[in-house]
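K.L.:
just the structure for this:
(one chain, ligands or ions: 1)
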Amino acid sequence: MTTNQLISEIKKKQSFLCIGLDVDLNKIPQHLLKEEDPIFAFNKAIIDATHHLCVAYKPNTAFYEAYGLKGWKALEKTIRYINKNHPEIFTIADAKRGDIGNTSTMYAKAFFEDLAFDSVTVAPYMGKDSVEPFLAFEDKHTILLALTSNEGAFDFQTKTVDGKELYKQVLETSKTWKNSKNLMYVVGATKAEYLADIRNIIPDSFLLVPGVGAQGGNLQEVCKYGMNAQVGLLINSSRGIIYASKNEDFAQVAVTKALELQREMQVILSK
Ligand SMILES: O=c1ccn([C@@H]2O[C@H](COP(=O)(O)O)[C@@H](O)[C@H]2O)c(=O)[nH]1
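P.N.:
Modelled structure (predicted):
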């Protein structure tokens, strides 16, 4: 999917919501455990109920890898289901990959070619030659971890190296890489006060912003400092939507939670 297609979908749906599909078998409604593939059954119900309210889905691959082959198969079924039934929806494999060049190429093939995701999250720590293999894929997007939502972000990302914070060096240096037009960045909603500085460095890039909902990030604050003329934001909520109810009504309650965020987004977009 191109960035322009994503932007037109945001305008059409009046939403820049990304729903995280982080399926934990201990948290899903117990009646689904009778299904042949409970993970896919849960995802299908969430997708069928919420697809009109969001522009992106983000399965975090850890939640699938944890269940071995069954989990990976459920991930494959989920992405195929979205691509077949809702090809207009942007898909993110939250896998946080990155390795030496030839290995990164294989990661990129796994997520872009085999699973046909639109994007994958990548750690910047191993540098240019670990990220450029992902950027080589046309109309696919590499979402680089810039300033993450967790407390540990302060261990390294905000530390000053050669007179500049490390996350700023990641933003600036990554702009010089080949095919950097295919870059997006992760910035945690819990770090909204950093967004003005971040926008000075990357005014036009899309940001994937996790941390609204369960982690306490504030949508209004993120939009105030992070939104650009093309919106430029994908706001993720996972647990706050998909586990809002543990009962048989989980999909309807997920709709209610997604609708609350979409309506807030619609108001922001109308200003
Ligand atoms: O900085 C980051 C990067 C990734 N994540 C991931 O996003 C979701 C957040 O889930 P919630 O349930 O809405 O808190 C999850 O998959 C994280 O691994 C992040 O939170 N922060």
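
K.L.:
distance from the chain centre to the particular helix or strand that has residue 263 in it, please.
P.N.:
Secondary structure assignment for residue 263, by DSSP states H and E: helix 250-270. The chain centroid and the centroid of helix 250-270 are separated by 17 Å, computed with C-alpha atoms, centre = their mean, to the nearest Å.

K.L.:
is the ligand within reach of that helix?
P.N.:
No - Helix 250-270 lies out of reach of the ligand by C-beta under 6 Å from any ligand atom, never closer than 11.0 Å. In this view, the C-beta of every residue, glycine as well, is placed from N, C-alpha and C.

K.L.:
what comes up buried for that helix?
P.N.:
250-251, 253-255, 257-262, 264-265, 268 (16 or more other C-beta atoms under 10 Å).

K.L.:
make JSON lines out of the residues you listed and add pLDDT.
P.N.:
Below are the buried residues of helix 250-270 laid out as JSON lines (pLDDT from 0 to 100):
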{"residue": "250", "pLDDT": "98"}
{"residue": "251", "pLDDT": "98"}
{"residue": "253", "pLDDT": "98"}
{"residue": "254", "pLDDT": "98"}
{"residue": "255", "pLDDT": "98"}
{"residue": "257", "pLDDT": "98"}
{"residue": "258", "pLDDT": "98"}
{"residue": "259", "pLDDT": "98"}
{"residue": "260", "pLDDT": "98"}
{"residue": "261", "pLDDT": "98"}
{"residue": "262", "pLDDT": "98"}
{"residue": "264", "pLDDT": "98"}
{"residue": "265", "pLDDT": "98"}
{"residue": "268", "pLDDT": "98"}
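
K.L.:
which pair of those residues spans the longest distance?
P.N.:
With distances taken as C-beta to C-beta, the most widely separated pair in these is 250 and 268, at 27.2 Å.

K.L.:
what residues does the stretch 1-150 of the chain put near the ligand?
P.N.:
20, 22, 60, 94, 148-150.

K.L.:
and which of those is nearest residue 175?
P.N.:
residue 148 (19.3 Å).

K.L.:
please name the nearest non-neighbouring residue to the closest one.
P.N.:
Using C-beta to C-beta, 6 or more residues apart in numbering and skipping the chain neighbours, the partner closest in space to residue 148 is residue 188 (5.3 Å).

K.L.:
try residue 240
P.N.:
residue 213 is the one closest to residue 240 (C-beta to C-beta, 6+ apart), at 2.6 Å.

K.L.:
how about stretch 130-150: buried residues?
P.N.:
Those would be 130-135, 137, 140-149, for stretch 130-150 by 16+ other C-beta under 10 Å.

K.L.:
tell me which of those residues fall in helices.
P.N.:
Taking DSSP state H, the ones among these that sit in helices are 130-135.

K.L.:
which stretches of this protein form helices?
P.N.:
3-13, 38-50, 62-65, 68-85, 101-108, 128-135, 153-156, 166-174, 195-201, 219-226, 239-242, 250-270.
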